[in-house]
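Visitor: Output the structure for:
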Amino acid sequence: MYGFVNRALENLIVRKYGGRSVWNRIRDIVGIRPEERQELQERQTYEDSYTFRLLGKASEICVVSESELLEGFGEQFFIWCREFGYDQTLQALGATVRDFLCNLDAFHDHLATSMFPAMKAPSFRCSDGPNGDIYLHYYSARRGLQHIVIGIVKTVCRQLHNTVVRMEIVEEVDDTHDHVVFAIQELGLVSSKRGATSVDQHCQHYFQPDLSYIEKLCWSSVPVVQFCQIFPFHVVFDDQLQIRQMGVSLFRIVATSVVDVQTVTLTDLFIVERPQGMTLSFSEIKAHTNMVFVLRGKGSLPTEALRVKGQMTHLNDDNDSAGKMLFLCSPRIGDISDLCGRRLYLSDLPLHDATRDMLLLDDTRANQHCEIVKLEEMNTKLNVAHQDLANAHQDLAKEKDLTDKLLYSMFPMHVASQLKQKKAVAAETFPSVTILFSDVVGFTSICGSCHPSRVVRMLDGLYKEFDAVTRENKLYKVETIGDAYMVVGGLTSRTGHDSHEEVVCNQALDMMAVVSKVRNPSHLRDHIHIRVGIHSGEVMAGVVGDLMPRYCLFGDAVNVASRTESTGVADKIQVTEATHKGLETKSQFVFDEPSVVEMKNVGEAMVCYFLRENKERHYRILELRRRKPTVQVPETSEAQSSVGNVKCSPLIADSGIASQDTRNRKENVVEETFETTEDQAPTEATRANRRDCCPRPTKKCGKSTVLLFVALLIAAIAVAIHVLSSYS
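Guide: Okay, the predicted model is just below:
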C-alpha cells in the first residue's frame with residue numbers, strides 16, 4: 001500500500017483515539033524497523049503487513065472492535081483525500097451517489113496511470129436491488145477490509161450529497177478475490193435547514209437532456225469508414241460477442257497476426273480487468289453499461305501489450321432484436337516510451353482524444369521529475385558533504401586544541417603564541433629568574449639492579465607527580481634528562497603576585513612531599529629519594545632547533561643551579577644565597593644554618609642553606625601525600641620482574657612515607673598510606689593491603705630470647721639422654 005493509506009490511519013488515531021503518544025506507542029509495540037520510523041511518505045510504497053499490523057495493534061490498544069476501527073478509518077481516509085487536494089475531483093465524479101460509485105473505477109484507473117503506478121485499487125460496480133436500493137459490488141485482492149468501504153460511502157453521501165444512507169453487507173462471495181455485496185438505502189437529507197453548499201449548487205445545474213430533441217437535430221448517419229477513422233479505437237460486437245466493426249488503429253494491430261478478422265470474437269482478443277469479477281457476456285455487459293470497462297490484451301496476440309479503457313453503449317438494431325454493443329475506448333498509455341512499447345504512434349490517436357495532450361504533458365513532467373530527482377540527489381549529497389565538512393571541522397578543532405596544548409606545554413605562552421603566528425622568536429634576557437634542579441639519589445645503582453621497564457615506569461610515575469604540582473604552581477618545566485628534572489620561575493607572569501623565589505621553593509617542598517609515593521624498585525620497603533638545588537640569577541632564553549625545537553636557558557645561573565643540586569644531600573633542598581635573599585621578607589620559610597659549599601667550575605665557595613619547610617603550607621604537604629597517585633598500580637603478575645636475585649615490587653603504591661624530619665616514620669606510613677578518616681574504620685581488604693604494601697619489619701632477637709632458646713635446647717638433650725639410658 002502507498003503511504004497515504006497509513007497516513008490516514010495515523011490521522012484517525014491522533015484525532016480520535018488519544019493523540020500522538022498513542023500512535024507512537026502503537027508503532028513501538030508493532031516493532032517497526034528504525035528506517036521505517038521516519039515520517040510517512042505519501043508516495044512511498046509499504047508492505048501490506050505493515051498496515052495490517054498497525055490496524056491490529058490500534059484495535060487492541062484503543063479498545064475498539066476492528067469493524068468499528070475500519071469504518072472510522074474509511075471516514076478518515078476520505079477526509080484525508082479531500083485535504084490532500086482531491087476535493088474538487090471527488091465532487092465532480094457524479095451528481096448522485098450511484099454515479100459517484102460508478103465512476104470510482106475510472107478515478108482509480110487515472111491515479112494508477114498518472115501518479116501511483118503500483119496501486120492495487122479495489123473495483124466497484126453497481127446493480128439494482130429491491131425497493132430501489134443500490135447493490136454495490138466490492139472486489140479487492142486484500143481480504144477483510146470491507147468495513148472501510150462502509151465508512152467511505154457513508155462519508156461521501158453525507159459530505160458530498162447531503163444524504164444519510166444505511167449500508168449493510170448482504171452477501172460475501174467465496175472467490176479468489178474478496179467479493180462483498182453491500183445494500184445501500186437512502187434515508188433522507190442530512191439537514192433541510194442548512195444553506196446550499198457548493199456541492200448542492202453544482203448538483204442543481206445537473207439535468208437530463210431531452211433526447212427526442214437531440215434526435216431531431218441529426219441530419220444524417222455517419223459513414224462506417226469515416227466513423228472508424230474518427231474513432232480509431234472502438235469495437236462493435238453482437239450478442240454472440242462476434243466483432244462486427246473495429247477502429248482503424250485497433251484493426252491495424254489485430255490484422256498483423258489474426259488471419260480471419262471477420263470471425264474473431266471479443267473474448268479471443270481481450271479479457272476483463274475492470275469491473276472485477278465480471279465475465280464477458282452480452283447480458284452482463286448490457287446490465288452494466290454505466291460502468292467504466294478496462295480490457296486487457298489476451299495471450300500471445302498482438303493485443304497482449306494493449307490495455308484499453310472506455311464505455312459500453314447498447315445500440316438498437318431494427319434487424320436484430322438483441323441489438324449491438326459499442327465499446328468506445330482509448331488506449332491506456334503511461335508515457336511516450338510506453339506508447340512505443342505497444343507499437344503505437346501519436347498518429348494512431350484521434351485529434352479530439354485528450355490522451356495526446358496527456359502523453360506530451362506527462363513526458364514534460366517526467367523530464368521535470370528527472371530534473372527534480374537530480375536536484376534532490378545533489379541536495380542530499382550537498383547535505384552529506386556539509387555534514388562531513390562539519391564533522392571534519394569539529395575533528396580539526398579537536399586536533400587544534402591538542403596541538404595548542406602540546407605547544408603550550410613545550411613553550412611559555414608568549415613564545416607559543418608567536419610560533420602559532422609563524423613569527424621569529426628572538427632570544428630574551430631575563431634579569432632575575434629562579435631555577436630548580438632535581439635528580440634521583442642512587443639512580444645508577446637502581447638502573448644496574450632492575451629491569452629497564454621498571455626504571456621507565458618509576459620515572460614515569462615520578463614525573464607525572466612532578467608535572468601535576470608544576471601545573472598547580474604555574475611554573476615552566478624546561479626539560480627532563482634521565483633522572484634530572486628542571487623547572488624555572490620568572491619567565492612568565494603566570495606566578496601571579498608571588499615572587500618567583502617563593503613559588504619555586506614551594507615547588508621544591510611539594511616535590512619532596514609527592515616523591516614518597518614512588519617506590520624504589522631495588523628496595524621493596526623504601527621509596528626513592530631525591531635532592532633539589534635552587535638558584536636565582538640572570539639567564540638568556542630562546543628557541544633552539546627546527547626539527548625538534550626546544551626553549552633553552554643559557555647563562556651562569558643555570559650552571560650554578562645544577563651544581564647546587566649535585567652538591568646537595570638526599571631528601572634535602574639546597575638553596576643558594578641569591579635565592580635566600582629573595583625570601584628575606586618571607587618569614588614563613590624555615591632554613592637550617594648556612595654552610596659554605598665548594599662547587600666545581602663555579603669559582604669561589606658559595607653560601608647555601610637547606611630549606612626545611614613553609615609554615616603556612618603544612619596542610620598542603622599533607623594533602624599531597626594523601627592524594628592518590630597519577631599512575632595506577634600494575635597487576636602483581638606484570639609488576640614482578642627480576643634481575644639476578646633482586647625482585648622488583650610495584651613502583652607506585654597508594655601509600656606514602658613521611659619526610660626525613662618526621663620522627664616516627666612507621667606510624668606515618670600506616671596513617672598516610674591508606675587515607676582512612678577518623679570516622680571510617682579500615683576494612684578487612686584494607687588490612688590485607690596494609691600487610692602486602694607495608695610488611696612489618698622482622699623484630700630483632702633480644703639477649704633474653706637467646707638464653708631461653710639455649711635453655712630449651714639443653715633440656716631437650718637431657719631428656720633424650722635419659723630415654724636412651726632407660727632402653728639400654
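
Visitor: what's the lengthiest helix in the chain packed up against?
Guide: Using DSSP state H to define each element, the chain has its longest helix at helix 355-410. Here helix 355-410 touches helix 336-341, helix 413-420, going by 3 or more CB pairs under 8 Å, 6 or more residues apart in numbering; DSSP states H and E. (Each C-beta comes from the backbone N, C-alpha and C, glycine too.)

Visitor: Can you give the contact residues for stretch 540-560?
Guide: Residues outside stretch 540-560 that contact it (CB atoms under 8 Å, 6 or more residues apart in numbering): 410-412, 415, 419, 425-430, 433, 435, 478-479, 488, 491, 535-539, 576, 599, 601-602, 606.

Visitor: same thing but 10 Å
Guide: 410-412, 415-416, 418-419, 424-430, 432-435, 437, 476, 478-479, 486, 488, 491, 533, 535-539, 561, 576, 578, 599-603, 606 (CB atoms under 10 Å, 6 or more residues apart in numbering).

Visitor: Among the residues you listed, name the buried ones.
Guide: By neighbour count, with 16 or more other CB atoms under 10 Å, the contacts of stretch 540-560 hold 410-412, 415-416, 418-419, 425, 430, 433-435, 437, 476, 478, 486, 488, 491, 533, 535-537, 539, 561, 576, 578, 599, 602, 606 as buried.

Visitor: Could you list which of these belong to helices?
Guide: 410, 415-416, 418-419, 561, 578.

Visitor: farthest-separated two in those?
Guide: Every pair in these was compared (CB to CB); the two farthest apart turn out to be Leu419 and Ala578, at 31.3 Å.

Visitor: avg pLDDT for the longest strand along the chain?
Guide: Counting residues, the longest strand in the chain under DSSP state E turns out to be strand 530-544. Across strand 530-544, pLDDT averages out at 92.

Visitor: What of stretch 184-197?
Guide: Per-residue scores along stretch 184-197 average to 64.

Visitor: And stretch 130-137, by the same measure?
Guide: Per-residue pLDDT over stretch 130-137 has a mean of 85.

Visitor: Would you mind extracting the C-alpha trace of that stretch into CSV?
Guide: Written as CSV, here are the backbone C-alpha positions of stretch 130-137 (Å, rounded to 0.1, in the frame of the first residue of the first chain):
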residue,chain,number,x,y,z
PRO,A,130,-35.1,-4.4,-4.2
ASN,A,131,-37.2,-1.4,-3.2
GLY,A,132,-35.0,1.0,-5.1
ASP,A,133,-31.8,0.1,-3.1
ILE,A,134,-28.4,0.1,-4.7
TYR,A,135,-26.3,-3.0,-4.6
LEU,A,136,-22.6,-2.2,-4.5
HIS,A,137,-20.3,-5.0,-5.6
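
Visitor: Give the buried residues for the host helix or strand of Glu10.
Guide: In the assignment (DSSP states H and E), Glu10 maps to helix 3-16. Buried residues in helix 3-16, counted by 16+ other CB under 10 Å: 3-14.

Visitor: just curious, which of those residues is nearest to Leu389?
Guide: Gly3 (32.3 Å).

Visitor: Pull the residues that contact stretch 349-357.
Guide: Outside stretch 349-357, the residues touching it (CB under 10 Å, 6+ apart) are 229-233, 247, 249, 309, 330-333, 339, 346-348, 359, 361.

Visitor: how about that stretch: buried residues?
Guide: 349-350, 355.

Visitor: And that stretch, how far out from the chain middle?
Guide: Relative to the centre of its chain, stretch 349-357 is centred 52 Å away, using CA atoms, centre = their mean, to the nearest Å.

Visitor: end to end, how far does it reach?
Guide: Stretch 349-357 has an end-to-end distance of 10 Å (criterion: CA to CA, to the nearest Å).

Visitor: now that stretch: mean pLDDT?
Guide: On average, stretch 349-357 scores 77.

Visitor: before we move on, what about stretch 241-261?
Guide: Taken as a whole, stretch 241-261 has a mean pLDDT of 80.

Visitor: how much space between Phe411 and Lys477?
Guide: Distance, Phe411 to Lys477, by CB to CB, to the nearest Å: 11 Å.

Visitor: Likewise for Lys16?
Guide: Relative to Lys477, and taking CB to CB, Lys16 is found at 72 Å.

Visitor: Quick one: the helices in the stretch 51-200 of the chain, in order.
Guide: With helices called from DSSP state H, counting those that start in this stretch, the stretch 51-200 of the chain shows them at 66-81, 87-91, 97-102, 104-114, 146-160, 198-204.

Visitor: Columns distance to Asn367 on top of those, output as JSON lines?
Guide: Shown next, in JSON lines, are these (distance: least, CB to CB, whole Å):
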{"stretch": "helix 66-81", "distance to Asn367": "28"}
{"stretch": "helix 87-91", "distance to Asn367": "25"}
{"stretch": "helix 97-102", "distance to Asn367": "35"}
{"stretch": "helix 104-114", "distance to Asn367": "16"}
{"stretch": "helix 146-160", "distance to Asn367": "36"}
{"stretch": "helix 198-204", "distance to Asn367": "36"}
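
Visitor: Quick one, which of those helices gets closest to Pro452.
Guide: helix 66-81 (77.7 Å).

Visitor: CA-only coordinates of the closest one in PDB, if you can.
Guide: Taking Å, rounded to 0.1, in the frame of the first residue of the first chain, the C-alpha atoms of helix 66-81 are listed here in PDB:
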ATOM      1  CA  GLU A  66     -11.800  -4.000  14.200                       C
ATOM      2  CA  SER A  67     -15.000  -3.300  12.200                       C
ATOM      3  CA  GLU A  68     -15.600   0.000  14.000                       C
ATOM      4  CA  LEU A  69     -12.000   0.900  13.600                       C
ATOM      5  CA  LEU A  70     -12.000   0.100   9.900                       C
ATOM      6  CA  GLU A  71     -15.200   2.100   9.400                       C
ATOM      7  CA  GLY A  72     -13.700   5.100  11.100                       C
ATOM      8  CA  PHE A  73     -10.500   4.600   9.100                       C
ATOM      9  CA  GLY A  74     -12.600   4.700   5.900                       C
ATOM     10  CA  GLU A  75     -14.200   8.000   7.000                       C
ATOM     11  CA  GLN A  76     -10.800   9.500   7.900                       C
ATOM     12  CA  PHE A  77      -9.300   8.300   4.600                       C
ATOM     13  CA  PHE A  78     -12.000  10.200   2.600                       C
ATOM     14  CA  ILE A  79     -11.300  13.300   4.700                       C
ATOM     15  CA  TRP A  80      -7.600  13.000   4.100                       C
ATOM     16  CA  CYS A  81      -8.200  12.700   0.300                       C
END
